[in-house]
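Participant: quick one: sequence and predicted model below, then my questions.
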Amino acid sequence: MQLNLSIKSRLDAENALKAEIANALESLFNGNEEITEALNSLEIEIETPKDASFGDFSTNVAMKFAKTAKMAPKALAEALIGQIDCQPAMIRSADIAGPGFINFTMAEELFASYLINALEQKGDYGKVVLPEKKRLNMEYVSANPTGPLHIGNARGGAIGDTLASIFEWAGWEVTREFYLNDAGNQILKLSESIYARAMDHIGKSFPFPDDGYKGEDVIDLAIAFSDLYPGFENGEPREVMEQMAAFALEKNSAAMEQSLAGYNIHYDVWFKESSLHSNGAISKAVSLLGQNNATYEQGGAIWFKATEYGCDKDEVLIRSNGVPTYYAADLAYHLDKLVERKFDLAINIWGADHHGHVKRLQMALAAAGIDPARLQIVIMQLVLVTGVRQSKRKGDIFTLSDLVEDVGVDATRFTFNSFSPSTHMDFDLELAKQQSNENPVFYVQYAHARMCSIIRNLLSINEKGLAPPDPLRLVEKQERALIKLISSFSKEIAMAATELDSSRIAKYAYDLATCFHSFYNSCRVISEDEVLMASRLALVEAAKHVLHSSLSIVGITAPESM
RNA sequence: GCGCCUGUAGCUCAGUGGAUAGAGCGUUAGCCUCCGGAGCUAAAGGCCAAGGGUUCGAAUCCCUUCAGGCGCUCCA
């Protein structure tokens, strides 16, 4: 048996295969300068054939390059195969199919190498080590502290937290951050709402603001405040409202932190918007744009020349009353991330109702001399709950805490991570509650519990000294499929990070569970054949590590029994 | 009116420009003397919203139209 253990995963194999194909093309067209030059810009793609019977990998390079090479796709494929070196540790055979696909069947030794690496690396299998550490700031939820977190925040939290873990697996150093909007008009509106409710509570009347916060939580805050500060109604209303704002901010942000902790989300940094107002960061940001000739004054306000940067209209940075807009604060905040704190990349998860802000913010960064690609925004479409959009300004909302209580953390996080962010989700609450037992998350967790059970059952035999596993014995269709899926884990992580799509990992975990259940039903692990038993046990162990890792990325538990 | 997102099985959703468009739920028929049946194996179910275009090849890229969601405040 000749093993090349440096090929640890599907990614490694793809890269080796690409190099092999590139070499073959090189030697095929050696001497033809025109074609050799075109080769430099050719991207060789490796795919999985639709049908496993076609082989393990395929490439369309012969079809793609046929025109440049001035050859028929099939003829080019034929010539290419003639140049490819079939080595014992890698490629076993290559053949042509359809209009000019080249299908590769890989050597058994390759799959053995995957499995041995997965067993050795255990819970670290699939982790990427970058040559140079990169730093990511991942900001998500960042809800206004004007009330409890709602179901849309639950989606953003699930997506952001999982994407953060994906980047950690992809080799990045990640800071999880919450931007606390503790300044601005909405806080004023909140304090007016509380004041009106508090007056109402003590039997006095005060007009409730037109677009005030009507939720139950505001009444609770008002009652708590009036109990704590009896006689508040004798104070100057504006001063009392300021006290109320501070009181509500503290209560609400603590409540948000607690709800998020109950949802298994923990932040490294809670960044206060108010700090940008008090430390001069906002005026610094605005004058930076001024220095770059990107602002002007009109009607007493300072404007950003956004149209010069391709936006629909110019934007106010400093109002005529001297108060900076949210926009100016957001610019200062992102300059703080990218300049002061020197993150290589900042990713924000925003609801679709903020999508119009994406270009404006990126262009303001550009005007400040920052590469706008260093800020990536993931827009998630809004969650509808039985046809009603969630808003804090109407009463009767369904909160994150309600959701966790009714549906559970695991099912909620798995569900939100099963849909790509651009899906307009309709969250059917009744169905989620009823079907929580049929939820796909249990199917995946059951697979993990089953793996653990098999390993437990074999523990006593294993301790007595089982024969060493021989991965080359794993030749059944289901065994091979499972090894291949295990080896694809790092590729899934890489793709999820590149596409900023957290849903890939939950889908992968589901596929892995399906693949394992299928293996379980057709291949018995416990067997008279001790080498086969040891080999299958090794496969189950490798699958368990990878399933456990993928569940931990999604932020849910991997139970050993259920 | 302008911009962003979406339209795929009865329902909820996947789908790297590639081969016969896939899952789950629901429907129907099977499967343990045996490692956990919260499982497995099948069947049925499709004009990929509509119409053009690009090319060896389009659910995927481009244009137009239709339908739905969201945005277009000196709000955040």
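Facilitator: That came through fine. Numbering: from 1, shown residues only, chains lettered A, B, ... in the order given.

Participant: shaky segments in the stretch 351-500 of chain A?
Facilitator: Scanning the stretch 351-500 of chain A for pLDDT under 70 picks out the ranges A:386-396.

Participant: which residue ranges of it form strands?
Facilitator: A:375-380, A:384-385, A:388-389, A:426-427 (DSSP state E, counting those that start in this stretch).

Participant: gap between the second one and the chain center?
Facilitator: Spelled out, it's strand A:384-385. Mean-position distance between strand A:384-385 and its chain equals 22 Å (C-alpha atoms, centre = their mean, to the nearest Å).

Participant: for the first one, same thing?
Facilitator: Remark: strand A:375-380 is offset 11 Å from the chain centroid, using C-alpha atoms, centre = their mean.

Participant: that strand vs RNA strand B: in contact?
Facilitator: Yes - interface with RNA strand B: strand A:375-380 contributes residue A:379 (C-beta under 7 Å from any atom of the strand). Placement of C-beta: from N, CA and C, glycine included.

Participant: returning to what we had before: ranking the strands of the stretch 351-500 of chain A by burial, who's on top?
Facilitator: Mean neighbour count (mean count of other C-beta atoms under 10 Å) peaks for strand A:375-380 among the strands of the stretch 351-500 of chain A, with a mean of 19.

Participant: ok, that one: who's next to it in the sheet?
Facilitator: strand A:345-351 (parallel) (DSSP bridges).

Participant: so which residues on the stretch 301-450 of chain A come close to RNA strand B?
Facilitator: Residues of the stretch 301-450 of chain A lying near RNA strand B (C-beta under 7 Å from any atom of the strand): A:301, A:312-313, A:316, A:319-321, A:325-327, A:352-357, A:379, A:381-382, A:389, A:418-420, A:422-426, A:437-438, A:440, A:442-443, A:446, A:449-450.

Participant: in ChimeraX, how would I select the buried members of those residues?
Facilitator: This is how ChimeraX selects the buried members of these, with burial counted by 16 or more other C-beta atoms under 10 Å:
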select /A:316,325,327,357,381,418,419,420,425,440,442,446,450
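
Participant: just the ones in helices from the residues of the stretch 301-450 of chain A next to RNA strand B, please.
Facilitator: With helices taken from DSSP state H, the overlap with these comprises A:326-327, A:356-357, A:418, A:440, A:442-443, A:446, A:449-450.

Participant: what's the farthest-apart pair in the residues you listed?
Facilitator: Pairwise distances across these (C-beta to C-beta) peak at 52.7 Å, for the pair A:327 and A:450.

Participant: residues in contact with the nearest residue to residue A:302 once chain neighbours are set aside?
Facilitator: Using C-beta to C-beta, 6 or more residues apart in numbering and skipping the chain neighbours, the partner closest in space to residue A:302 is residue A:318 (4.1 Å). Taking C-beta atoms under 8 Å, 6 or more residues apart in numbering as the contact definition, residue A:318 lies against A:286, A:301-302, A:324-325, A:328.

Participant: make it 7 Å
Facilitator: A:286, A:301-302, A:324, A:328 (C-beta atoms under 7 Å, 6 or more residues apart in numbering).

Participant: go through the residues you listed and flag which are in strands.
Facilitator: Per DSSP state E, strands hold the following members of the contacts of residue A:318: A:301-302.
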